[in-house]
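In: give me a model of this one.
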Amino acid sequence: MERYIVEQTVNRVLVDEVIEYIADKVVELQRKELADTSMLDYYKSQLRETEKSLKNIMAAIEQGIFTPTTKDRLLELEAEKADLEANIQREEIARPTFSKEQIIFFLERFKGGDVNDREYQRQIIDTFVSQIWLYDDKTVITYNYSGEGNTVTLEAVEAAASEAEKKCSDQVTPSPPHLR
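Out: Numbering: from 1, shown residues only. Okay, here's the model as predicted:
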């Protein structure tokens, strides 16, 4: 079965037109993700608030108000500030971008592998395949992708398959015995 899935994936996904399409979509998705700075903006806003609170605590200490509660709050705010600064750094560097050429290079490295090689099968399935549904007369493969509507339900696949072919079996067959 793995060999069949890999063959279908290689023949349908790892072709030049599809690779080009995937690369274009990944570049487009990267552009959208880079434009979304909402988390970075949130962390920066929280950092400004934390720094303001720290200044207030320091002003209280300078006026001679120093209690165990003041000390605890100061330590809490300093830890919060360090966490926020780390989150800001992660947000700023966690967005690697790849050129269309790099994406094509990555995808093309899967071309020409041996479909009988178990490691090649594992790489293809892990990288590209999301779900597999087996029917009496066909196999439905869904592939990994991201974006709006990236979840395909079994009901949606069954409805589409039923509509397209009108001959999908509804008979349930017992599975073979588990051999130990």
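In: where in this protein is pLDDT low?
Out: The model of the chain has pLDDT under 70 over residues 145-180.
In: and the residue with the largest distance to the centre of it, what helix or strand is that in?
Out: Going by C-alpha atoms, centre = their mean, the residue of the chain most distant from its centre is Gly64, 51.7 Å out. For Gly64, there is no host helix or strand (DSSP states H and E).
In: excluding its backbone neighbours, what's nearest Glu92?
Out: Closest residue to Glu92 apart from its sequence neighbours, by C-beta to C-beta, 6 or more residues apart in numbering: Leu40 at 6.9 Å. To be clear about C-beta, it is placed using only N, CA and C from the backbone, and glycine gets the same treatment.
In: show me what contacts the one you found?
Out: 88, 91-92 (C-beta atoms under 8 Å, 6 or more residues apart in numbering).
In: just the buried residues of those.
Out: The neighbour-count test (16 or more other C-beta atoms under 10 Å) applied to the contacts of Leu40 identifies 88, 91 as buried.
In: among the contacts of Leu40, which are located in helices?
Out: 88, 91-92 (DSSP state H).
In: Phe105 and Leu75: what is the separation?
Out: Remark: distance between Phe105 and Leu75 (C-beta to C-beta, to the nearest Å) = 49 Å.
In: ok, now Thr9?
Out: 54 Å.
In: out of those two, which sits in the busier spot?
Out: Ranked by neighbour count (other C-beta atoms under 10 Å), Thr9 and Leu75 place Thr9 first, with 20 against 11.
In: helix or strand next in line after the strand or helix carrying Ile19, which one?
Out: In this structure, Ile19 sits in helix 16-35 according to DSSP H and E. Once helix 16-35 ends, the next helix or strand along the chain (criterion: DSSP H and E) is helix 38-62.
In: what's the local residue count around the closest residue to Phe106 other than its chain neighbours?
Out: The spatial neighbour of Phe106 that comes closest, neighbours along the chain excluded (C-beta to C-beta, 6+ apart), is Phe98 at 7.7 Å. Neighbour count of Phe98, defined by other C-beta under 10 Å: 14.
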